[in-house]
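**Student:** next comes the sequence, and after it the predicted model I'd like to discuss.
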Number of protein chains: 2
Amino acid sequence: MKKEKATIHDISKSLGIDSSTVSRALNDSPRVSKTTKDAVIQKAKELGYQKNSLASNLRTNKTHTIAVVLPRISRHFFSTVIAGIEETAYEAGYNVIICQTLDILDREKKIMSTLISNRVDGVIISISMETTNYEHLEAYRNLNNPIIFFDRPCDLENCTNINIDNFHASFMTTEHLIFEGCKHIAHFSGSQNIELYRQRKNGYLAALKKHNIKVNDHYIFESNLSEEDGINSAKKLLKLGTVDGLISANDTAAIAAMQYFKSQGIKVPEDISVAGFNNDPISAVIDPSLTTINQPAFDIGKRASSLLLELIESKSTNTDTPSTVLNSELIIRNSSKKS
Amino acid sequence: MKKEKATIHDISKSLGIDSSTVSRALNDSPRVSKTTKDAVIQKAKELGYQKNSLASNLRTNKTHTIAVVLPRISRHFFSTVIAGIEETAYEAGYNVIICQTLDILDREKKIMSTLISNRVDGVIISISMETTNYEHLEAYRNLNNPIIFFDRPCDLENCTNINIDNFHASFMTTEHLIFEGCKHIAHFSGSQNIELYRQRKNGYLAALKKHNIKVNDHYIFESNLSEEDGINSAKKLLKLGTVDGLISANDTAAIAAMQYFKSQGIKVPEDISVAGFNNDPISAVIDPSLTTINQPAFDIGKRASSLLLELIESKSTNTDTPSTVLNSELIIRNSSKKS
C-alpha cells in the first residue's frame, strides 16, 4: 500500500519543534541555527519528506516548464522542431514536455485543459487537422498564458505564427514540374480547414494559371495525407489515365503513392513525376529519391521557443513581433527529373 | 502586462457576498440558491476566474497524468511505443506527457525532478545511454510513485521491465548470417552500460561460438549507434579488409553503414551482408531492403501503460508481475541474402 506523504507537521512533531521553524529550516532561513537545520534536513530525509513544489508553484506562479502540442511526434518535421525548441529552452533553464493530439480535436482540448492544471508557463502548438475553432486555445490565453503557433497558423487576433511561405514553396515545386514537361499535374492536399494546406493548394493553382494550364478539379485529392490516404488517392489518380505529375502536400503520401505506382508498373519519373513536402529522411534514400521542400524545422523550433520565453519573462501574452516567415528550399531529386 | 489571476476573493468583493458562499456556489453546493450561483458564475466568467487545479490536486493527490521518458521521440520504435501507451492511457481517462533525454543523464535527472514537481501519477521510462546509477529514479519511486521500465531494463529491486528477448533476437540474426555463408561477422554495439546492448552482443557471441567461429575483438564496434557512429564504424570496418557480415544493434547505424559501403563500391549483400535491429520504416524501402528484428513496439507500450495504471489505481509502487518478455521476429530482406 502507498504510504501517505510526509509533511512539515510530521517533521515538527517528530523533532518536537514548531512547524514554522521546520519550514524556515527547509528554506535555509538565516533565522534558524545550523544545528536545527541539520536536524530538520536529517529528519526530512528519514521520513521521505518531499518539498511540495505544487504549493510553491501556487506562490511563485511559475513552473519553468513549457509544453509543445502537435499532431504527431513520429513525423520528422515535428521531431526536428521539438529538437530546436528544446535546445533554446534547456539553455534558458526551462523544461519541455511534449503532447501529441494525433490530429484529434477532442484530445487537443483535453491536453490544453491538463496544461492549464499543470500551469505550464507557455505553449507552442501546431493545431490538429480537426481544429476549426479556437475556443480551447483562447481559454488558455485568456488566463494570461502565452501561446505561439507554428506550421499550421492561427488567425486569432494578436497571435504569433512561425512558418515558411507555403504558397511560394508549392508554387516553386509546381513550376518545376511544368518546366520538366508535365501537363496534367495532380495535387494531394490536406484538410482545407488548415490554412497551411489552403496555401499549398493555392500555390499549385497559381503556378498552373501562370502557365495557362487548365485546372481540373478531379486532379485534386483532399485527405489527411497518411500512408493509407496516399495509396487510396494514387489508386483514384491512376484511373484518370492522364496524369503525368503529382505534387503532394507531404512526403508520407507522396512516398506511399510512389510505392503504389511501382507496384502497378508505372514508372517514376518517366510516366509520372512526383514531388513531396518536408524532406523526411526517407525521401533521400528511397528509389527514386523524392523531390521535396526542405523546411528549416530546427530554426522554426528555436524561433518559437525564444519568442515564447520572451513572452514568459515579460509576463505578456501578446508579441509585437509580427508573424515570422522563414525560408524554405526546393530539393530536386530523381523523382521529378524527366529529362 | 500580465494581469494577476482573479481569485474567489475578487468575486466575493465584487458581488458583496461572503467568500465561503462564492466557494460553495462554484462547487455547486445545495446550500446556495440558484440565483446566487448564477450571479457567481457570471461574475467568475467576467473576471476570468480560473479554478485552481493545483490546489485541488494538493487535496486529491492525483493528476490523472502519466509521463513517458525516453531517449529520442524521433526513433520509430519509441514513437510506436508511445502510441501504444497513449491508446491504453486515454481510454482509461489519463493524459500522457512525453519528455526526451537525448541520452543525456543530466537531462534525465532534470526531467525526473520536474515530474516530481508536477506530481504525475506515474512514469514509464527507457533510460539514457549514460544512466549507470539509478539514484534519481529511486528518489522518484521512494516518494511512492510507480515507475515501469521498457526496452532498456533496470536491475533495481522490484522493478518491472518490459522487453523482448534481446539475446535470442541477436542470436537468431547472427545465425541467419552464418547460414548465408558469412564467416567474418562484425557487430555494431551500443553502450555496454545498457543491459539491452550487452544482451545483443552476447547473443552475437553465442551464435559464433555455437558454429565454432572464432571471436575477433576488432570486429566489435561500440558507439551510440547514431548515423555518424554508423559511418565511422563502417570506415574502420572496411580497413580490416576481411569482414563479410555485419550485425548492427540498431537500424540507424546499419543503414548509415550500408550507404557508406555503397559509396565505396562495396556491394551489399554480395561483399558484406548486413542486418539491423528495430524494423524502422526506412529499412523496408531502402535499396537493398534491410534484414532486421521487428519488436512489438505498440504492444510493449500497451503493456507498460496497463501495468502502470494498475499500480496507480492500487496505490502501490511494486508489481507482483515479473518482468514481461514479448516475442520479436527476424524479418529477412535483401541485405542479407547472399544466395
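**Tutor:** All right, it came through fine. Residues are numbered from 1 along each chain as shown, chains lettered A, B, ... in the order given.

**Student:** show me the domain layout of chain A.
**Tutor:** Following automatic domain parsing, chain A resolves into domains at A:8-51, A:60-164+A:297-326, A:166-295+A:330-336.

**Student:** need the pLDDT of A:Lys2.
**Tutor:** You'll see A:Lys2 listed with a pLDDT of 39.

**Student:** could you do A:Ile66 as well?
**Tutor:** pLDDT, the model's per-residue confidence, is 96 for A:Ile66.

**Student:** for it, phi and psi?
**Tutor:** Per-residue torsions, A:Ile66: phi -120, psi 160 (degrees, to the nearest 10).

**Student:** what's around it, how many residues?
**Tutor:** Residues lying near A:Ile66 (other CB atoms under 10 Å in any protein chain shown) number 27. No exception for glycine: its C-beta is placed from N, CA and C like everyone else's.

**Student:** ok, and the closest non-adjacent residue to it?
**Tutor:** A:Gly122 (5.0 Å; CB to CB, 6 or more residues apart in numbering or on different chains).

**Student:** wait, what's in contact with that neighbour?
**Tutor:** A:Ile66, A:Ala67, A:Asn145, A:Pro146, A:Ile147, A:Ile148, A:Leu308, A:Leu309, A:Leu311, A:Ile312 (CB atoms under 8 Å, 6 or more residues apart in numbering or on different chains).

**Student:** ok, of the domains of chain A, where does mean pLDDT dip lowest?
**Tutor:** Among these, domain A:8-51 has the lowest mean pLDDT, at a mean of 77.

**Student:** how far does it sit from its chain's centre?
**Tutor:** Offset of domain A:8-51 from its chain centre (CA atoms, centre = their mean, to the nearest Å): 44 Å.

**Student:** which of the three states applies to the closest residue to chain B within the stretch 201-339 of chain A?
**Tutor:** In the stretch 201-339 of chain A, no residue comes nearer to chain B than A:Lys315, which is 3.6 Å away by CB to the nearest CB. Look at A:Lys315: counting by DSSP: H, G, I helix; E, B strand; the rest coil, its state is coil.

**Student:** which phi and psi does it have?
**Tutor:** The phi/psi pair for A:Lys315 (degrees, to the nearest 10) reads phi 50, psi 50.

**Student:** likewise A:Ile293?
**Tutor:** Phi and psi for A:Ile293, reported as degrees, to the nearest 10, are phi -100, psi 130.

**Student:** quick one: contacts for it?
**Tutor:** A:164, A:169-170, A:172-173, A:276-279, A:328-331.

**Student:** which of those has the most neighbours?
**Tutor:** Counting neighbours by other CB under 10 Å, A:Gly276 leads those with 33 neighbours.

**Student:** what's the helix or strand for A:Val96?
**Tutor:** Taking DSSP states H and E as the criterion, A:Val96 maps to strand A:95-100.

**Student:** for that strand, packing partners?
**Tutor:** Applying 3 or more CB pairs under 8 Å, 6 or more residues apart in numbering or on different chains; DSSP states H and E, we find strand A:95-100 packed against strand A:65-70, helix A:76-91, helix A:105-118, strand B:95-100, helix B:105-118.

**Student:** if we use 7 Å, what do you get?
**Tutor:** Strand A:95-100 makes packing contacts with strand A:65-70, helix A:76-91, strand B:95-100, helix B:105-118 when contacts are defined by 3 or more CB pairs under 7 Å, 6 or more residues apart in numbering or on different chains; DSSP states H and E.

**Student:** buried ones in stretch A:191-205?
**Tutor:** Buried residues in stretch A:191-205, defined by neighbour count with 16 or more other CB atoms under 10 Å in any protein chain shown: A:191, A:193-201, A:203-205.

**Student:** in helices, which of those residues appear?
**Tutor:** The helices, defined by DSSP state H, take in A:Glu195, A:Leu196, A:Tyr197, A:Arg198, A:Gln199, A:Arg200, A:Lys201, A:Gly203, A:Tyr204, A:Leu205 from those.

**Student:** could those residues be laid out in TSV, adding distance to A:Glu228?
**Tutor:** Output for these, formatted as TSV (distance: CB to CB, whole Å):
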residue	distance to A:Glu228
A:Glu195	24
A:Leu196	21
A:Tyr197	18
A:Arg198	23
A:Gln199	24
A:Arg200	20
A:Lys201	21
A:Gly203	25
A:Tyr204	22
A:Leu205	26
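
**Student:** what's the closest of those to B:Lys43?
**Tutor:** Distance to B:Lys43 across those (CB to CB) is lowest for A:Glu195, with 36.5 Å.
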